[in-house]
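Trainee: sharing a model prediction with you, sequence too.
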Amino acid sequence: MKSGAVLDRIDSSIDAESFFAKYVATRTPVVLQGSLDDPSYNVQKWTNLRYLATKAGSATVMVEPIHRPSNQFGTGERRIRTIFAEFLRSLKATTGPYNYMTTQYEDSEEAEAETRMFPSPTHRLTSDFPPVPRLMGNLVLEQVNLWIGRSEDGASSGLHHDFHDNLYCLLQGHKRFILYPPQAASHLHPHGKLDKVHPNGLISYQHYPIRSDGLTQIDAAECRVKALKRKLSARRAAGKDCRLLEREYGRAVIALRRLEALEPGNSDDESDADAILARLEAVEKRDRRLRIADESEGNGIVDEEEWGGIVDSKGGEDGEPSSFSRIPTAYLHDFLQIPTTAKSPSFGAGHSYAGLKKAGKPLIVDISAGDILYLPASWWHEVTSSGPGATPHMAFNYWFHPPNDLNDFSLPYRDKIVWECMKNEAKRTFSKLNTKSEEEPSRQWKKRKSLK
């Protein structure tokens, strides 16, 4: 898409394969009008804060205070842990400033898969939305999030990009998006040092290089081991010949262990993986224990740690997230000659941000309640959110792993064995969590009765 072009606005009833071909495969943002047509998509209920409090009020969430010197969010302010119902009540206060419930994430790598994929409070709300909307075809879910804040005049997120494809559903209020394509990254003064922009637009940084599907080499190796382990177990259970698969699994384990001893690689070239395996043939012959050839030793499968991993994007020299721009929001708005409530912070004083002039004319997109924005991974965006009077602004979004096999609608990722495993894992996680969500109301009711 050319810089400064006009964004398409289409009906959300478009079939998934056409949507993939015209927008996902071409990495083109688009506004969809009309609610998603999945029967289980009922997120509009959430604009009733009493409904939200009843269903998920006891959940613990993290909220972000506004950065007073710049009057904006997305500045690295220390987030505050609170109870969801308390946060919802705080939005009814007659005066601000009001905190913003933004991306929820677990700091611990040991967090359960369901907590990472459906962070609080969405883990209590899974009966109100599908894990992957029909529109998104065969993209693999990475995470969902609920965004709630209050600002009549408009509050900014700061200019940044994400590492995943975003389906952003505005439930209440108004949002103005300023959009720059990934290719403008070098002109937008990111905090991190750029490594490369992959052909599908995904941006990689030097401190944390990633493949074009968003995985590090070690992430992919861990996923491959897990996928092969499951396939091997299934073949054994069916009484089928496992010798070739045992060999493939053993080689994958060796490759993973070698990568664990090295810095994670950033190459997207599949021949690199083949070369690693070829060099490890000699090691494989010497270390018979990793070949899983002896059926007499139980099922012969070496236990591996659970995989997962959300990109750790903090890598700027100043400790700020790599994917955030150094350009203050007030300067950006002034440069584009658009209204702003942001203030010029002292740290930006005297800086010309000359690269901004070379970034090209951005897309400026306004969306209202009921609109949905599809934003491919690594498109830069600054978002100003507002709601009328005392009404909060609210959005729900899906993040999907960025596809890198853009000619294959059925599974748009090149590393098929890894992504088939991850797709199935996401389905199992949602099914498990949805069962818990359905049981939660009865548990809460029993708890309330016991307290009477």
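Mentor: That came through fine.
Trainee: low-confidence ranges, the protein, go.
Mentor: Along the chain, segments meeting pLDDT under 70 span 1-4, 68-72, 74-76, 105-113, 263-319, 345-351, 436-452.
Trainee: residue closest to the middle of it?
Mentor: By C-alpha atoms, centre = their mean, the mean C-alpha position of the chain lies nearest to Trp399, the distance being 4.0 Å.
Trainee: torsion angles phi and psi at the closest residue to that one other than its chain neighbours?
Mentor: Leaving aside its sequence neighbours, Trp399 sits nearest to His164 (C-beta to C-beta, 6 or more residues apart in numbering; 3.9 Å). From N, CA and C alone the C-beta is placed, and that goes for glycine too. Note on His164: backbone dihedrals following degrees, to the nearest 10 are phi -140, psi 160.
Trainee: for Ala59, what are its contacts?
Mentor: Ala59 is in contact with 83-84, 120-121, 123-124, counting by C-beta atoms under 8 Å, 6 or more residues apart in numbering.
Trainee: distance of it relative to Arg235?
Mentor: As judged by C-beta to C-beta, to the nearest Å, Ala59 and Arg235 stand 41 Å apart.
Trainee: same question for Thr82.
Mentor: Separation of Thr82 from Arg235 (C-beta to C-beta) stands at 49 Å.
Trainee: can you check Val197 too?
Mentor: 40 Å.
Trainee: so between those two, which is more surrounded?
Mentor: Higher neighbour count among Val197 and Arg235: Val197, with 18 against 15, using other C-beta atoms under 10 Å.
Trainee: quickly list what that one is bridged to.
Mentor: Residues in a beta bridge with Val197, per DSSP bridges, are Ile203.
Trainee: Tyr41 - how many residues pack around it?
Mentor: By the criterion of other C-beta under 10 Å, Tyr41 has 16 neighbours.
Trainee: should've said Thr115
Mentor: Using other C-beta under 10 Å, Thr115 has 16 neighbouring residues.
Trainee: and the one 3 residues further on, by the same measure?
Mentor: Taking other C-beta under 10 Å as the criterion, the count of residues near Phe118 is 26.
Trainee: what's the answer for Ile83, then?
Mentor: Neighbours of Ile83 under the rule other C-beta under 10 Å: 15.
Trainee: against Val63, how distant is it?
Mentor: Applying C-beta to C-beta, the value for Ile83 to Val63 is 10 Å.
Trainee: same thing with Asp162?
Mentor: 20 Å.
Trainee: Leu52 too?
Mentor: When distance is defined by C-beta to C-beta, Leu52 is 14 Å away from Val63.
Trainee: what does Gly192 give?
Mentor: Note on Gly192: its distance to Val63, by C-beta to C-beta, is 25 Å.
Trainee: likewise Ser233?
Mentor: For Ser233, the distance to Val63 (C-beta to C-beta) stands at 43 Å.
Trainee: how about Gly370?
Mentor: Distance, Gly370 to Val63, by C-beta to C-beta: 25 Å.
Trainee: more neighbours: which of the two?
Mentor: Neighbours per residue (other C-beta under 10 Å) separate Gly370 from Val63, with Val63 holding more: 20 against 15.
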